[in-house]
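Visitor: Attaching a predicted model along with its sequence, questions to come.
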Amino acid sequence: MRFISIFALVLAIASPALAGPANSTIGGKKLEGDMVHSGGVGYPSMLYEWWNKGKKTLDWGLSGELVYGDWGAATTNRVRLGFITVRGGRWVKIGFGVNGILRWHLAEKERPKVTHNISFLFKPGVLIGGNTGDTFVLGVKGELGVPVSIDVHERVSVVTGGYVPFTYFINKTFDDRGLVPLLIRMGVEIKANENVAPWARTRARPTPRAPLRASPPESPSSSAG
């Protein structure tokens with residue numbers, strides 16, 4: 001994350017052109033193309049997203065995920081350690097999720113060296129899978145977020161924002177509660193050509209956990225409009 005910050009600062013000082021990738025799927029910019037496809041592989045999932053340009057400030061779409069790790073709020077056991085509550089030992093071992101995608105563009109701010117775009121993101125969905133004890137998992141999941149794009153070059157945008165994933169498990173054989181962590185994500189999007197924009201993103205979890213640490217990179221990927 002320190003490298004990304006330094007890279008963005010150098011580009012912001014050096015470049016007068018502030019376009020950035022036109023069809024961001026991880027940031028806060030409104031889509032310019034009518035349809036965009038995005039995919040990625042990382043931890044904790046492989047994903048595919050189908051985006052569409054909506055009316056006025058809205059973009060919408062659908063996404064599917066094959067999950068093999070800590071799935072947002074999919075770890076449900078809670079252990080009380082002093083004044084903090086940390087996660088226990090129940091994880092989704094393998095599963096599949098489907099989400100709707102709704103993104104409202106809120107504002108754009110142009111400055112001499114950078115351009116900021118901010119949006120509100122809502123991704124309601126469901127998940128099906130199993131945990132490490134082979135218990136069947138069925139749940140309602142979703143995510144609220146505020147993605148921010150910072151155009152620092154004619155081909156590069158820095159992307160950040162805060163996100164809150166949540167899960168409620170329907171089947172009572174599995175704990176029906178889900179943790180609601182706060183995730184801070186940061187990454188970059190690079191305009192390779194008019195139709196392809198590779199991206200990479202990582203995340204950190206500032207909420208109490210034992211110990212507090214940054215998570216591995218989420219999903220290096222590319223988007224095609």
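Guide: Nice, thanks for sending it over. Predicted model only: the values in this text are computed from it and were never measured.
Visitor: use CA for all of it now, contacts and neighbours both
Guide: OK.
Visitor: got the buried residues for the host helix or strand of Lys93?
Guide: Lys93 is part of strand 92-110 when elements are defined by DSSP states H and E. Judged by neighbour count (16 or more other CA atoms under 10 Å), strand 92-110 contains these buried residues: 92-105, 108.
Visitor: Quick check: which of the residues you listed has the minimum pLDDT.
Guide: Of all the buried residues of strand 92-110, Val92 carries the smallest pLDDT score, 63.
Visitor: other SSEs contacting the strand holding Lys93?
Guide: strand 58-67, strand 115-122, strand 125-131 (3 or more CA pairs under 8 Å, 6 or more residues apart in numbering; DSSP states H and E).
Visitor: could you redo the last one with a cut-off of 10 Å?
Guide: Where contact means 3 or more CA pairs under 10 Å, 6 or more residues apart in numbering; DSSP states H and E, strand 92-110 is packed against strand 45-53, strand 58-67, strand 115-122, strand 125-131, strand 136-151.
Visitor: Show me what the fourth one pairs with in its sheet, parallel or antiparallel.
Guide: I take that to be strand 125-131. strand 92-110 (antiparallel), strand 136-151 (antiparallel) (DSSP bridges).
Visitor: could you give the mean pLDDT of the helix or strand following the last one?
Guide: Along the chain past strand 136-151, the next helix or strand (assigned with DSSP H and E) turns out to be strand 156-169. When pLDDT is averaged over strand 156-169, the result is 86.
Visitor: just stretch 118-137 next, same as before
Guide: For stretch 118-137, mean pLDDT rounds to 81.
Visitor: So for it, what gets flagged as buried?
Guide: 118-131, 136-137.
Visitor: which of these sit farthest apart?
Guide: Farthest-apart pair in the buried residues of stretch 118-137 is Ile118 and Phe136; separation 38.0 Å (CA to CA).
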